[in-house]
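Novice: what follows is a predicted protein model with its sequence.
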Amino acid sequence: MRALRALRAERPLVGGLVWCLVSSLAVHATGSAQPPPKNDPPEEPKKLNEAIEKSVNWYDVLPEEGATPLTPVPVIRWRNVVRGQEGEAMMVVWSHNGRPVAMASIYPWEGKMTHEFDSLSHGAKLIARDKDRVIWAPETAGVEFKAVPKAPQPAKTAPERLRQMKTITEGFKATMTGWQADNSDQESLRLLPRPLHRYDLANAKDPDPKLLDGALFAYVQGTDPEVVLVLEAVGTADQAEWQCAFVRATSGGLEVKSGDEVVWTAQKHPANRNPKLPHFSMQRVLEK
């Protein structure tokens, strides 16, 4: 019995010692803890990203000579690690009367900022200026529309038409045939589930009365757009159809199929320094 009483007497002492030890460790750990490291981007990529933001407004895009410059609208940002891209990249779109007429991929490459322009215009009046100097004036239309095969008639409401457009885009399969002569580096491209850009016809000053709706969709490598699908509902409320056109957003070879049928291709290494062509690249040395 004496031994049992002694054991019971010791229990509070032992518990107190344990509690003191734990408390001491907790205080020590709290006192020596450091704030978590910041996840700020390294200085160099941060500067590149800031330079991209500023470069959006380097050039003015006009629907025709003498017109008011259009407003560039960023539609996607991405980083293509497959190609060793420095910093972020961005795609912007310029619209006129609710319809996009030009787009550009903007990215740093080998110490230069590149603006890779593509015309989405139905005509040949589009121009781009660097201050007072015309840098780009394609002499041909940038897109050639064709009726979407087996497409339903455009729906009456905007949400229903968006569902139709998504179904139509899923019917096309895009492939990057690559840069190699034997196409050994070809790759299937992924369709982004949401449109890059939806036409804003409701707020357009003078929209085409036969244009009912439209959107741009992208087939991507990672999140980098390589093929852009321009999809439009054209006609009258009672009689309309879906039409589509494809535009390159890369210098690699491209192919689009509907089922087993090839409906569009783009050759590798296109001419991109001729300002009279719909596809044109402008580069400027980055400031150190």
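Specialist: Okay, I see it. Quick caveat: nothing in here was measured; it's all calculated off a predicted structure.

Novice: quick one: Gln164 is in a strand?
Specialist: No - according to DSSP: H, G, I helix; E, B strand; the rest coil, Gln164 belongs to no strand; its state is helix.

Novice: any idea how far Ala215 is from it?
Specialist: 11 Å (Cβ to Cβ, to the nearest Å). Quick note: C-beta positions are derived from backbone N, CA and C, even for glycine.

Novice: just Thr157 next, same as before
Specialist: Counting by Cβ to Cβ, the separation of Thr157 from Ala215 is 15 Å.

Novice: quick one: which of those two has more around it?
Specialist: Ala215 (21 against 10; other Cβ atoms under 10 Å).

Novice: skipping adjacent residues, who's closest to the residue positioned nearest the centre of the chain in space?
Specialist: When Cα atoms, centre = their mean is applied to the chain, the residue found nearest the centroid is Ile76 (3.1 Å). Nearest non-adjacent residue to Ile76, counting by Cβ to Cβ, 6 or more residues apart in numbering: Met91, 5.0 Å away.

Novice: which residues in the stretch 1-150 of the chain form helices?
Specialist: 2-32, 43-55 (DSSP state H, counting those that start in this stretch).

Novice: just to revisit the earlier point, list the contacts of the residue nearest to the centre of the chain.
Specialist: 90-91, 192, 196, 218, 223, 225 (Cβ atoms under 8 Å, 6 or more residues apart in numbering).

Novice: ok, back up a step: out of the helices of the stretch 1-150 of the chain, which gets the lowest mean score?
Specialist: Least confidently modelled of those is helix 2-32, at a mean of 40 by mean pLDDT.

Novice: where are the low-confidence patches of the stretch 1-150 of the chain?
Specialist: Within the stretch 1-150 of the chain, the ranges that satisfy pLDDT under 70 run 1-44, 83-86.
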